[in-house]
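Q: starting from these lines, generate the structure:
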Amino acid sequence: MSARSSDHSAAYAVEAALPVPPPLPHLWAASGPGAAGSSSTLPLRRTGLCALLAATARRHPERIAFVDGADKAAWSGRPALTLSYGTAAAITARIARGLRAWRLAPGSRIGLFLPATIEGLVAHLAIEAAGHVPCPLPLVWTEAQLEAGIQAAGVSAVLTQVRLGSARPAEAFCRVAARYFGLRYLAAFGPEVPDGVLNLDELVLDRAEGPGIAETGGGLVTFAAADPARPVLRQGDALLAAAVAHLAAARIGPEERILSLVGASDLRGLVTGLAAALVAGACLETLPVFRSADLGAAMTHPVATHIVAPGFLEGRFAACLRPGVRAPGEPRSLSFLHRAPARLERRTAWGALGRAVQSDPMILDVCAFDEDAVLTCPRGPEDIAKVLDDGAPLRAHQSLLALRREADGSLAFHGQAVRRTLLHRGTGAEAGEDGWRVWRPASDETGLAAAA
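A: Have a look, this model is predicted:
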């Protein structure tokens, strides 16, 4: 970090009382097994995630909102932090004030090239609070892909950081900006922000008086299949609906903890992480770099925990959660994330975990269909394989998310959670006249097989 902003602790330690809109109710309570067949609608107003943060901050400022993984300093050069809702809202408002000073039209798209750390989370919320649209950029992209992606999405500014492992993303974006003149602003978290790059830590330290978190429509731009040529715009109400549909199955309560090992650069990561935590009023702890030791340390905290992890790590969890060993933070649920096309077999509630966890947490499968839909189902008699194969009813309210099989066997989705706009025609399927959108994978095979 630069000398002017050398004290991270001071920068992230000030609470602020913010004028905020009234909170949304826990809408997932209106979803459930009985709600799927209801003919009524469950409209969600267009509300940004930043408004949910501010609402909880006003009523429960001391509640823990975000927690970094313990090894963060080793690969980012920045300390691991823990923020309450009040502190997170104050920092979000400060960064948003700085972003509003930029000469950008309202609703401009601002790229986010940040891992799922506290900096990435508050930057996402600050973009919303400033009246703009966050555009998370996949961390696996090359410099050429970054240039193509920001051009395809019409990104006018990028927020990043100086160090990410051995990579130096701020320097990479300086080279991109030299070739693409549409990138008007570039800002980064330190340490040692390069010349010509705005210092985001200085915005955090700026305690000038100004408006707090505004009521915005929210929304975001992501990329289908992490393809730079396939940007997808989703409004705030659709993102909120997707999170509520997920929580209808995951059942995460206020003050509980989501422990996520998944990035926040696509719909499935945001729905199961940041959006789910803010809708539920829960804590989000992130482990962007997975190590069994870090997971074990995180599980020692005595708080109700819901783990979110990539599906390929299920076997690792079987080794970490040993039979007969009850950790204080033993999970209440384990959500394993998949991306279609994938083989989703009907399985026991435990799958690879066997009977490893003594308190019998709920096991869920979460499948993302590009950036169209996120489907969450608990394992059991009506698991995700049965839902996809037989059309079993979803736990979410049908106005939020509904699924059906077409005559040719394709899947079709309907509801507020799947509303999105392709920024370039021909890069995905549009909804039909009846509002149903048929999803087909890029390959010829459906890739969705239910095997008894």
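Q: next secondary structure after the worst-scoring helix or strand of the chain on mean pLDDT?
A: Scoring the helices and strands of the chain by mean pLDDT, DSSP states H and E places helix 8-11 at the bottom, with a mean of 43. Moving toward the C-terminus from helix 8-11, the next helix or strand (DSSP states H and E) is helix 49-59.
Q: helix or strand: which one has V122?
A: Judged by DSSP H and E, V122 forms part of helix 118-129.
Q: repeat for V374
A: Per DSSP H and E: strand 373-378 holds V374.
Q: which is the next helix or strand following that strand?
A: Using DSSP H and E, the helix or strand that follows strand 373-378 in sequence is helix 384-390.
Q: contacting residues around the residue lying closest to V418 once chain neighbours are set aside?
A: If the residues on either side of it in the chain are set aside, V418 comes closest to A373, at 4.8 Å by C-beta to C-beta, 6 or more residues apart in numbering. Yep, even glycine has a C-beta here, placed from its N, CA and C like the rest. Contact analysis of A373 by C-beta atoms under 8 Å, 6 or more residues apart in numbering lists 242, 401, 413, 417-418, 439.
Q: reformat the residues you listed as TSV; add distance to D383.
A: Output for the contacts of A373, formatted as TSV (distance: C-beta to C-beta, whole Å):
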residue	distance to D383
A242	20
L401	17
F413	18
A417	20
V418	21
W439	19
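Q: that older thread, off-centre distance for the strand holding V374?
A: Computed by C-alpha atoms, centre = their mean, to the nearest Å, the chain-centroid distance of strand 373-378 equals 15 Å.
Q: just the mean pLDDT for it, thanks.
A: Average pLDDT, strand 373-378: 94.
Q: listing partners with orientation, what would you give for that strand?
A: Strands that pair with strand 373-378, judged by DSSP bridges, come out as strand 362-369 (antiparallel).
Q: CA atoms only for the partner strand - export them in PDB, please.
A: Only the C-alpha atoms of strand 362-369 are listed here, as PDB (Å, rounded to 0.1, in the frame of the first residue of the first chain):
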ATOM      1  CA  MET A 362     -28.300 -31.100   4.500                       C
ATOM      2  CA  ILE A 363     -26.400 -31.800   1.300                       C
ATOM      3  CA  LEU A 364     -27.400 -29.700  -1.800                       C
ATOM      4  CA  ASP A 365     -26.500 -29.800  -5.400                       C
ATOM      5  CA  VAL A 366     -26.400 -26.400  -7.200                       C
ATOM      6  CA  CYS A 367     -26.300 -26.400 -11.000                       C
ATOM      7  CA  ALA A 368     -25.700 -23.400 -13.100                       C
ATOM      8  CA  PHE A 369     -27.000 -23.300 -16.600                       C
END
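Q: contact partners of it?
A: 246, 249-251, 266-268, 272, 308, 311, 332-340, 342, 344, 349-351, 353, 374-379, 383-384, 411, 413, 439.
Q: again, only this time at 6 Å
A: Here strand 362-369 makes contact (C-beta atoms under 6 Å, 6 or more residues apart in numbering) with 268, 333-340, 349, 374-379, 384, 439.
Q: dump the residue contacts of the spatially most central residue of the chain.
A: In the chain, the centroid-proximal residue (C-alpha atoms, centre = their mean) is L270; its distance is 1.3 Å. With contact set as C-beta under 6 Å, 6+ apart, L270 has these partners: A264.
Q: rerun that using 8 Å as the cut-off
A: Taking C-beta under 8 Å, 6+ apart, one finds 136, 220, 222, 239, 264 in contact with L270.
Q: check T92 too.
A: T92 touches 50, 53-54, 122, 125-126, 129, 213, counting by C-beta under 8 Å, 6+ apart.
Q: next, T87: phi, psi?
A: For T87, the backbone dihedrals (degrees, to the nearest 10) come out as phi -70, psi -40.
Q: and the gap between it and Y180?
A: T87 sits 35 Å away from Y180, going by C-beta to C-beta, to the nearest Å.
Q: the more surrounded of the two?
A: The residue with more neighbours, out of T87 and Y180, is T87; 24 against 15, by other C-beta atoms under 10 Å.
Q: and the pLDDT at that one?
A: pLDDT, read off for T87, is 96.
Q: check the one 4 residues further on too.
A: What the model reports as pLDDT for I91 is 95.
Q: so it: helix, strand or coil?
A: Following DSSP: H, G, I helix; E, B strand; the rest coil, the label given to I91 is helix.
Q: what is the neighbour count of the spatially closest residue to it that is not a sequence neighbour?
A: Excluding the flanking residues, the one nearest I91 by C-beta to C-beta, 6+ apart is V122, at 5.2 Å. Around V122 there are 31 other residues, counting by other C-beta under 10 Å.
Q: the strands in the stretch 51-200 of the chain, which residues?
A: Using DSSP state E, counting those that start in this stretch, the strands of the stretch 51-200 of the chain run over residues 64-67, 82-84, 109-112, 133-136, 155-161, 185-189, 198-199.
Q: would you reformat these as a markdown table and include mean neighbour count, mean pLDDT and distance to A101?
A: Shown next, in a markdown table, are the strands of the stretch 51-200 of the chain (neighbours: other C-beta atoms under 10 Å; pLDDT from 0 to 100; distance: least, C-beta to C-beta, whole Å):
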| stretch | mean neighbour count | mean pLDDT | distance to A101 |
| --- | --- | --- | --- |
| strand 64-67 | 23 | 97 | 25 |
| strand 82-84 | 18 | 97 | 24 |
| strand 109-112 | 24 | 98 | 13 |
| strand 133-136 | 26 | 97 | 18 |
| strand 155-161 | 25 | 98 | 12 |
| strand 185-189 | 24 | 98 | 10 |
| strand 198-199 | 18 | 97 | 10 |
